[in-house]
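Colleague: I would like to see how this sequence folds:
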Amino acid sequence: MIIKDSKIELLAPAGDITAFEAAIASGANAIYCGLSRFSARAKATNFSLEEIKNAIKYAHLFDVKVYVAINTLIYPHEMNDAIESARELFEANVDAVIVCDLGLTRRLKEELPRLTLHASTQMGIHNLEGTIFAKKLGIKRVILSRETTLEDIRKIKENCDIELEFFAHGALCVGFSGNCYLSSLIMKQSGNRGRCLQLCRKEYLRGEQKGYYLSTKDIDMSKHIHSLIDAGITSFKLEGRMRKREYVSIVTKAYRNILDGIAPSDEMFKNTYLRGGGTTAHLFNANENTICDLAKGHINTEKPNIGEIEIVEKKLKINMFARIMSGMTPEIELICNNISIKENGRNKVQQAKNAPIKKEDIEKFLRKCGGTVFEIEKFLLECDDNIFISVKELNELRRQAIAKLENEILKNYTTIHKIAGNSPLSFLKTDDDLRDIGACTVNMVGVYYKRMLAVNSFSQIQFAPTNIDCIIYVTHTFEEVVVKDFVARAKEKLDLPIYLNLPNVAREGDVAILKNLVAKNIVDGYIINNLYAFELTKGKSIILGTHLNIVNDDFDYSSTQRILSFESRETFSHHDIVYAFGKPSVMTLCHCPNNQKCGYRCGRDFFLKDEKGANFVLKRTKIKHCYFNMHHNIPINILPLLDDGAKVKAPNLLFDFSGLNEKELKELDFNELSKKPHQSTRGHFGKGVE
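Modeller: The predicted structure is shown next:
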């Protein structure tokens, strides 16, 4: 089956200009790349602004689109630079900018309304509700998270008119997109800032057995492209901005062939590395085990040495007609596809006084296109005998004609593809606007919570510090009867507002359960950890959770309180809540680490120990599907810093017990914790993260 729909796009990666050129030569319809700043692949060579401007022109000559990633979290002091970079990209006719920071998204739609925005996979969009909200933010295309199921893709396409992009090949993250903080909290190198250290690829100890329990196989969707097209995917993304040009060339050619109707085969991917033999991730099974075997696909498998392969530079074929007649100015006509231009020389052609120029010499000099993307395919020459024109004049005529053709092609491309983006957004201006995009306006100024307690069971409440004024229920099962029972008992004991922590992942079936809970009005409000939850909680009291990764004030929800991301510095406003104490979730796993049928050991926590002896607990959450949250090995504790009034203003505080067990809670002494950071870390509070 040949894919004839021109809307189906093959999107290739480029970490440098050599990979960029290889992608075009190998059949990519579009290329994504990053700047030297603000890129989620900070360790790639990447591009300066000047380099990317030249690359955009080069790609557009071949009718290839360019998407540039500004897809890291943006701190307040970086915001203006990020916006200015986007402005220069817009003026350079970039086809889209890929974003993940909600504050930057809002600012760009206000200041550059015609700039096309794509939502990065780091936004964690994986269901219909999240996609609808993204469209309201002004997003033209959603790059769905790798955890998205085929069923959810179909549902999104059937109910939301938006472009959908999906990863087809390459590395797979074990943690849910955008919400892995393992490298960030342990090594101060944040994946959301483009500096992931891939701690998931290391060996861990589970019980007495060592293994690569967090190291996933690579994605390989080569046999399911047509199913994805039928479901609604129009852009197939190849992972690999850290890969060499040879890899980019091989994989791009392979998927070009697949889209052109050639059945996928091992030969197509010869000499490329596919960790663990490949996986379809969660496309067909929401809890698919994507982990490599203990010995395969990682340390004990030799990676193929691709070496140098020949990559033939792509050329634009042009037809040239030259008229070099005595007494007339020389003329060239160039035709490329449906575009033609004419260029005349400055001086009239003279009769030769001595040796006339040969016709073959005229052709030789006019055919020279070295240093350009053009190649003469057909050449016609109308020429008098016994004439003279200098080589300098011929070269100048050819160069001017090619430059004119190049400008005309780029002008034509811009006319066709440079369409206006969505109009400027007026949301975040009034309460009515807030309601329009699902935000809550119930939490008005003056009723913010100063000290919040997060628990996953009623028994944990007894260990609460004093002066708690709100409880967050981090339930491990979203059964209605369980939530009702907790609320009734907690209200009887403390009579405080209770907010339900909504999960950062909710696939097919999960959302229906959550919608039912919200409709029953069992709790006083909700903690929002993913964009989909804004759609579920319209008109309800909400607090923005840590997993939304808000690190600046530009995603302003007016009177809505927010719990600062783990990635935040100590720049917060009066209503922000700071994570004061607890073991936060550093990773959400969508596969079952037990690799067993539902019910096997599900009631018990289990642990992974790293090479340095750090012990990480994994706790299950059950909606329709199962998810596992891996918690930090030591508590975050900023309480000692709050005694230093000269350095840190007294913020609103969150005490999080959801990652602690009862033994740990019994040993807590908040008076002692306020005096010294015993066996704890302050995370990024006051220090920031790279």
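Colleague: where's the spatially closest residue to residue 62 that is not a sequence neighbour, which helix or strand?
Modeller: Nearest non-adjacent residue to residue 62, counting by CB to CB, 6 or more residues apart in numbering: residue 24, 5.5 Å away. From N, CA and C alone the C-beta is placed, and that goes for glycine too. Using DSSP states H and E, residue 24 sits in helix 17-25.
Colleague: residue 503 touches residue 620, doesn't it?
Modeller: No: Residue 503 lies out of contact with residue 620 (CB atoms under 8 Å); the separation is 11.6 Å.
Colleague: which residues are common contacts for these two?
Modeller: Contact criterion CB atoms under 8 Å, 6 or more residues apart in numbering; residues shared by residue 503 and residue 620: residue 627.
Colleague: so for those two, which residue has more residues nearby?
Modeller: A direct count of neighbours by other CB atoms under 10 Å for residue 503 and residue 620 places residue 503 higher, at 23 against 20.
Colleague: how close does the more buried one get to residue 31?
Modeller: 35 Å (CB to CB, to the nearest Å).
Colleague: and if you look at residue 410?
Modeller: 16 Å.
Colleague: next one: residue 51
Modeller: Distance from residue 51 to residue 31, by CB to CB: 13 Å.
Colleague: so for the two, which sits in the more crowded spot?
Modeller: Just comparing residue 51 and residue 31: by other CB under 10 Å the higher neighbour count belongs to residue 31, 28 against 17.
Colleague: right, and that one touches residue 64 too?
Modeller: Yes: between residue 31 and residue 64 there is a contact under CB under 8 Å: 6.3 Å.
Colleague: joint contacts of those two?
Modeller: Joint contacts of residue 31 and residue 64 (CB under 8 Å, 6+ apart) are residue 24.
Colleague: tell me the SS of the nearest residue to residue 630 once chain neighbours are set aside?
Modeller: In this structure, residue 630 finds its nearest non-sequential neighbour in residue 587, 4.3 Å apart by CB to CB, 6+ apart. Recorded secondary structure, residue 587: strand (DSSP: H, G, I helix; E, B strand; the rest coil).
Colleague: so what's residue 587 up against?
Modeller: So residue 587 contacts 174-176, 179-182, 200, 214, 629-630 (CB under 8 Å, 6+ apart).
Colleague: ok, now residue 615?
Modeller: Contacts for residue 615 were tallied using CB under 8 Å, 6+ apart; they are 607-609, 633.
Colleague: can we see that at 6 Å?
Modeller: Residue 615 makes contact with 607, 609, 633 under the criterion CB atoms under 6 Å, 6 or more residues apart in numbering.
Colleague: and for residue 505?
Modeller: So residue 505 contacts 176, 588, 627 (CB under 6 Å, 6+ apart).
Colleague: so it is in which element?
Modeller: Judged by DSSP H and E, residue 505 forms part of no helix or strand.
Colleague: wait, residue 534 touches residue 133, no?
Modeller: Yes: the criterion here is CB atoms under 6 Å, and residue 534 meets it with residue 133 at 5.0 Å.
Colleague: pull the helix holding residue 24 out as CSV, backbone CA atoms only.
Modeller: In CSV, the C-alpha atoms belonging to helix 17-25 read as follows (Å, rounded to 0.1, in the frame of the first residue of the first chain):
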residue,chain,number,x,y,z
ILE,A,17,24.0,20.1,10.0
THR,A,18,25.4,16.8,8.6
ALA,A,19,22.4,14.9,10.0
PHE,A,20,20.2,17.7,8.7
GLU,A,21,21.5,17.3,5.1
ALA,A,22,21.4,13.5,5.4
ALA,A,23,17.7,13.6,6.5
ILE,A,24,16.8,15.6,3.4
ALA,A,25,18.8,13.4,1.1
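Colleague: that helix: how far from the chain's middle?
Modeller: 21 Å (CA atoms, centre = their mean, to the nearest Å).
Colleague: show me what that helix is packed up against.
Modeller: Applying 3 or more CB pairs under 6 Å, 6 or more residues apart in numbering; DSSP states H and E, we find helix 17-25 packed against helix 245-259.
Colleague: need the contact partners of the helix it packs on.
Modeller: 3, 10, 12, 18-19, 22-23, 26-28, 169, 222, 225, 238, 240, 264, 268-269, 272, 306, 309, 311.
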